[in-house]
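*Asks:* Quick one, structure for this:
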Amino acid sequence: MKYFVLLILLFSAHHQLHAVEEKTIHVEGQLSRGSWMDFTSSPELNLKKLFELLGHSRTGEKLIKEAQYKASRSGQTLHDVVKAGESSLTDTTLVRKFSPHSPEHVIYESRSMVFISRHLGWDDALLDLAHELTHFVYRESFNPYSDSFNAKDFIKSTIEGHGGEVQAFLTECRVLKELFSTKVQSRSHCQKIEGDRGELSFSKAVELFYHVGDYYPSFNKQLEGRSIASSFSDLKGEKINFISSAYGVPYPIAALMEYDLVLNKVCENDKKRLAYMQQGPQRGPASTLVGKEKFQETYSERCPQK
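*Replies:* Numbers count the residues shown, from 1 in each chain. Predicted structure coming up:
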């Protein structure tokens, strides 16, 4: 049976690049200078070395094993899903398949790829690898075609959800403590989320991610326009701590921008699917006709101006 495959960029977990500065890596001090891609002429060998160094961390070792297991479930290895790129990010693509003869029946499949910026030193590349692997292993999958897909949950999931930005940042902080000197640790945001006994606080990290600086008035107005402002009590106009490298704005704002892009793509794809439904036979099993009517109703509600 012939299937149409529609690809939609579902999620890009873009990590703010760390400042490049001279640091000391306890596990391999001699590698602290220069880009991690300068180690050999082979990107594969350089990645292998990066994984080796991350494995010197207890947190990193555990993360690598979990990432290997997840990759193996789709018949891949870590070197199939982790590559050098222009920036550090995790891309998940949703593949949607349907038959033109039965467009009401849809099959979904997601695929993820991790990229580590080729321009970083060993220290920053290690932290980014820990960060992005956290997204790869723990990020909860979601279906933007679902009736429950909405802006509020998307923003919260991106920042606070399982495998989201906060969890990835906490993982990064643990690796930082396990592999780097106190001097290096003092230059990060990690100390801002430590409790009295040095433990990392999830709630403090959440607060930092919702600091949007001068963007606060306009962004809060956008949330009010969508009737979801009351759901973000941590949102404040305080100094920005984290910027999305993909959008150049704080993560809550970037998440809403990402949501709108995804929804626009969903509406484009659903418009095509709706056209196939309307071209099909007007008679058929009652269940099929009800399914078509429900889909058209959902489309009209979600994409009123498309």
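
*Asks:* For the rest of this, base every contact and every neighbour count on C-alpha atoms.
*Replies:* Will do.

*Asks:* Quick check: Trp36 touching Asp124?
*Replies:* No. No contact is recorded between Trp36 and Asp124 when judged using Cα atoms under 8 Å, the distance being 9.1 Å.

*Asks:* Report the buried residues of whichever strand or helix holds Lys62.
*Replies:* When secondary structure is defined using DSSP states H and E, the element that contains Lys62 is helix 58-72. Taking 16 or more other Cα atoms under 10 Å as the basis for neighbour counts, the residues of helix 58-72 that come out buried are 59-61, 63-64, 66-71.

*Asks:* Strands along the stretch 51-200 of the chain, start to end?
*Replies:* Taking DSSP state E, counting those that start in this stretch as the criterion, the stretch 51-200 of the chain carries its strands at 82-85, 89-99, 102-117.

*Asks:* where do the helices sit along the protein?
*Replies:* Under the criterion DSSP state H, the chain contains helices at 43-54, 58-72, 78-81, 122-138, 151-160, 165-179, 182-185, 202-209, 216-225, 251-279, 286-302.

*Asks:* So for Glu194, which of those helices sits nearest?
*Replies:* helix 202-209 (8.0 Å; Cα to Cα).

*Asks:* And the residue nearest to Leu78 when sequence neighbours are not counted, how close does it get to Ser74?
*Replies:* Leaving out its chain neighbours, the residue that sits closest to Leu78 by Cα to Cα, 6 or more residues apart in numbering is Gln68, at 5.7 Å. Gln68 sits 10 Å away from Ser74, going by Cα to Cα, to the nearest Å.

*Asks:* overlap in contacts of the two?
*Replies:* Shared contacts of Gln68 and Ser74 (Cα atoms under 8 Å, 6 or more residues apart in numbering): none.

*Asks:* burial measure for the closest residue to Phe219 other than its chain neighbours, as a count.
*Replies:* With sequence-adjacent residues excluded and distances taken as Cα to Cα, 6+ apart, Phe219 is closest to Ile253, at 7.0 Å. Burial of Ile253, expressed as a neighbour count using other Cα atoms under 10 Å, amounts to 23.

*Asks:* again, but for the one 5 residues further on
*Replies:* When neighbours are counted by other Cα under 10 Å, Glu258 registers 22.

*Asks:* Any figure for the gap between it and Arg226?
*Replies:* 15 Å.

*Asks:* show me what contacts Tyr251?
*Replies:* Contact partners of Tyr251, counting by Cα under 8 Å, 6+ apart, are 159, 209-210, 242-244.

*Asks:* same check, this time on Arg139
*Replies:* Taking Cα under 8 Å, 6+ apart as the definition of contact, the neighbours of Arg139 are 161-164.

*Asks:* Before we move on, what's the pLDDT of it?
*Replies:* According to the prediction, Arg139 has pLDDT 92.

*Asks:* And Glu268, by the same measure?
*Replies:* Looking at Glu268, its pLDDT is 86.

*Asks:* still on that earlier bit, which secondary structure elements does the helix holding Lys62 sit against?
*Replies:* Under the contact criterion of 3 or more Cα pairs under 8 Å, 6 or more residues apart in numbering; DSSP states H and E, helix 58-72 touches helix 43-54, helix 78-81, helix 122-138, helix 165-179.

*Asks:* one more time with 7 Å
*Replies:* Secondary-structure packing of helix 58-72 (3 or more Cα pairs under 7 Å, 6 or more residues apart in numbering; DSSP states H and E): helix 122-138, helix 165-179.

*Asks:* on that earlier part again, need the buried residues of helix 58-72 in CSV (columns: pLDDT and distance to Ala168).
*Replies:* As requested, those are arranged in CSV below (pLDDT from 0 to 100; distance: Cα to Cα, whole Å):
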residue, pLDDT, distance to Ala168
Thr59, 97, 12
Gly60, 97, 12
Glu61, 97, 15
Leu63, 98, 11
Ile64, 98, 14
Glu66, 98, 14
Ala67, 97, 14
Gln68, 97, 17
Tyr69, 97, 18
Lys70, 95, 17
Ala71, 95, 18
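
*Asks:* May I see these organised as CSV, with distance to Ser201 added?
*Replies:* CSV is the format used below for the buried residues of helix 58-72 (distance: Cα to Cα, whole Å):
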residue, distance to Ser201
Thr59, 17
Gly60, 19
Glu61, 22
Leu63, 20
Ile64, 23
Glu66, 23
Ala67, 24
Gln68, 28
Tyr69, 28
Lys70, 27
Ala71, 30
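
*Asks:* Farthest-apart pair in those, please.
*Replies:* Greatest spatial distance among these (Cα to Cα): Thr59 and Ala71, at 18.4 Å.
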